[in-house]
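Visitor: A structural model of the following input is requested.
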Amino acid sequence: MTTTNGDSTERYVRIDKIFVIGNKTTKDNIILREVTIDRGEWIYYKDLKTLIVEDRNKVYNTGLFNSVEINILDLSNDLVDLVIKVDERWYLFPIPLLKFVDRNFNDWITNRNADFSRVVYGLKLDHYNMRGRNEKLELNAQFGYSTNLGINYKIPYIEKTQRHGLSFGVQYNELKNLQLYTDDHVAQFFETDLVLSENYSFGMGYLYRSKITDFHSLEASFKFSSIADTVAILNPNFYGPGKVNQDYVFLRYSYRKDKRDIRSYPLKGYQLKAEILKYGIGLYNDIDYYELKASMAKYFDLGNEYYLSNYISGYVSNPDDRPYSSYNGMGNGLDLVRGYELDFIEGPRYFVSKNTFKKKLFSGSKYWKKFPVPQFRTIPYALYLKTFVDFGYVQNFPNYEGNSRLTDRFIAGGGVGLDFITMYDAIFRVEYTVNKEQKGGIYLHFWQGF
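Guide: Numbers count the residues shown, from 1 in each chain. Take a look at the predicted model:
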């Protein structure tokens, strides 16, 4: 019996058995759910290597493993076994919580003068892969600038076909420092020792995986919010004239087609996403509007470790005339034109395109044999040099004068940067960017660009 990764012959082979080894916690069926190759299937040997790489990436993309290998065992000229070898991650993370309340690190440094009173603290408990079934439990106890208590539980599969799942969540939020309005694209906060806002949320979701790459979810939740009289006086449009309470039903449907090679830092493939969100329905409709979001990310391997990627996103909401608390816009998460990290550009409709060309400088891994926890002994790393150019457009809300400098016109930014990737999908980005207003700066990020 020999072990190989495939050859160039035209022989036709049948998959006899598929073995899974190395999984002490994860159930076999959770791993095999990601594998498209079936027992008993006949495949050209020359095609098997390509299929194995694709299935290896699918198993790795569950986020449950440090590494995944799939090898072929030749039993005879037309009969083979497959061996899936996994190295499991650490799944229980009781993490001391320390983060900024602002949109990003750069906003906190520049617009808030690195004010540590705006840092929230507490304890966050993430338990991945509960019961070995890729279930996730989140417990959150956050204090400081804001108080946030919550519990979320996600069960991706509740039956044998592993297509249907459920999620549950309860949240409580209390703010003594509240974003009251926006002035020249910078959020302005009102701070006090009194509670300015309280929010409760109870929700449940249904998950459906129609294909190996296609994910659907439907979420419904009840949200109950209140603000202090002072907030309503300082900004009468916060909830609307004379309103200090806001109760509503929230509905969301989302769809995702994911054909990326490695989700944590993709270099090939594409992803499509779409969301429909409705705020207010039935008796609970203190607000009443909808949002539509759609995005596509495409990744190209140009060869010789050069890569090109493009991300486009669009957002539409209606009606335009609604309370300030429901305003959205460009500047959160992925929907950001690089070079405008310090600006929150609000509007009922926007479009953004992000484009990156990069070169891998080096990659590898180090093994720390003496580290007491085996799941942290292997430290992978990679460094990419990149150049990029982004552009976007945001339509302004009616009569919103404090938000007019960057709205109703095209904006753009470009620059150079470095991406460093290491263990447990940690990503560190440093970028020098110049925007259309000829303002340049160095910006730090601690998440994937897109």
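
Visitor: Now find how far off-centre the helix or strand that Ser217 is a member of is within its chain.
Guide: Using DSSP states H and E, the element containing Ser217 is strand 214-227. Computed by CA atoms, centre = their mean, to the nearest Å, the chain-centroid distance of strand 214-227 equals 17 Å.

Visitor: Is Tyr270 in contact with Phe300, as I believe?
Guide: No: with contacts counted by CB atoms under 8 Å, Tyr270 stays clear of Phe300, the gap being 9.6 Å. Using the backbone N, CA and C atoms, a C-beta is placed for each residue, glycine as well.

Visitor: who does whichever helix in the chain runs longest touch, helix- and strand-wise?
Guide: Longest helix of the chain, by residue count under DSSP state H: helix 45-60. In terms of contacts (3 or more CB pairs under 8 Å, 6 or more residues apart in numbering; DSSP states H and E), helix 45-60 is packed against strand 12-21, strand 65-76, strand 79-88.

Visitor: mind running it again at 6 Å?
Guide: strand 65-76 (3 or more CB pairs under 6 Å, 6 or more residues apart in numbering; DSSP states H and E).

Visitor: can you give me the helices for the stretch 51-200 of the chain?
Guide: 105-110 (DSSP state H, counting those that start in this stretch).

Visitor: What helix or strand is the closest residue to Leu218 other than its chain neighbours located in?
Guide: With CB to CB, 6 or more residues apart in numbering as the criterion, Leu218 has its nearest non-adjacent residue at 4.8 Å, and that residue is Tyr206. For Tyr206, the host element (DSSP H and E) is strand 197-211.

Visitor: hmm, who's touching stretch 333-340?
Guide: 313, 352, 390, 392, 411, 413, 433, 435, 450 (CB atoms under 6 Å, 6 or more residues apart in numbering).

Visitor: helix/strand/coil for Asp419?
Guide: Look at Asp419: counting by DSSP: H, G, I helix; E, B strand; the rest coil, its state is strand.

Visitor: Distance-wise, check it relative to Phe300.
Guide: 16 Å (CB to CB, to the nearest Å).

Visitor: Identify the residues contacting stretch 229-237?
Guide: Contacts for stretch 229-237 (CB under 6 Å, 6+ apart): 180-181, 196, 238, 244, 323-324.

Visitor: repeat that for 10 Å
Guide: 175, 178-181, 188, 190, 192, 194, 196-197, 227-228, 238-244, 321-325, 327 (CB atoms under 10 Å, 6 or more residues apart in numbering).

Visitor: Could you identify the buried members of those residues?
Guide: 175, 178-181, 190, 196-197, 227-228, 238-240, 243-244, 322-325, 327 (16 or more other CB atoms under 10 Å).

Visitor: Which residue ranges of the stretch 301-450 of the chain form strands?
Guide: 306-318, 329-330, 345-346, 349-367, 378-395, 410-421, 427-435, 440-445 (DSSP state E, counting those that start in this stretch).

Visitor: List the buried residues in stretch 437-450.
Guide: 443, 445, 449-450.

Visitor: average pLDDT for it?
Guide: Stretch 437-450 carries an average pLDDT of 85.

Visitor: just stretch 292-307 next, same as before
Guide: pLDDT averaged over stretch 292-307 equals 97, rounded to a whole number.

Visitor: Repeat that for stretch 90-105.
Guide: 67.

Visitor: Can you work out which residues contact both of Tyr270 and Phe300?
Guide: Joint contacts of Tyr270 and Phe300 (CB under 10 Å, 6+ apart) are 309-310.

Visitor: for the strand holding Ser217, packing partners?
Guide: Here strand 214-227 touches strand 164-175, strand 197-211, strand 245-258, strand 269-281, strand 284-303, going by 3 or more CB pairs under 10 Å, 6 or more residues apart in numbering; DSSP states H and E.

Visitor: pLDDT of that strand, averaged?
Guide: In this model, strand 214-227 carries a mean pLDDT of 97.

Visitor: one step back: put together TSV for the helices and strands packed on strand 214-227, with distance to Val83 on each row.
Guide: What follows is the helices and strands packed on strand 214-227, written out as TSV (distance: least, CB to CB, whole Å):
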stretch	distance to Val83
strand 164-175	28
strand 197-211	26
strand 245-258	26
strand 269-281	25
strand 284-303	27
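
Visitor: who's in contact with Asn318?
Guide: Contacts of Asn318 by CB under 10 Å, 6+ apart are 289-292, 348-349.

Visitor: Would you mind measuring from it to Glu69?
Guide: Asn318 is 50 Å from Glu69, by CB to CB.

Visitor: ok, back up a step: nearest to Tyr255, of the contacts of Asn318?
Guide: Using CB to CB, Leu292 comes nearest to Tyr255 of the contacts of Asn318, at 12.0 Å.

Visitor: Now do the closest one: how many residues are near it, please.
Guide: 14 (other CB atoms under 10 Å).

Visitor: please renumber so the chain begins at 614
Guide: In the new count, where the first residue is 614, that last one comes out as Leu905.

Visitor: Which positions are bridged to it in the beta structure?
Guide: With DSSP bridges as the criterion, Leu905 is bridged to Ile889, Val929.

Visitor: mind checking how far it is from Gly1027?
Guide: For Leu905, the distance to Gly1027 equals 28 Å [CB to CB].

Visitor: how long is stretch 872-891 from one end to the other?
Guide: With CA to CA, to the nearest Å as the measure, stretch 872-891 spans 28 Å from end to end.

Visitor: Ser759 contacts Leu788, doesn't it?
Guide: Yes: Ser759 lies in contact with Leu788 (CB atoms under 10 Å); the separation is 5.0 Å.
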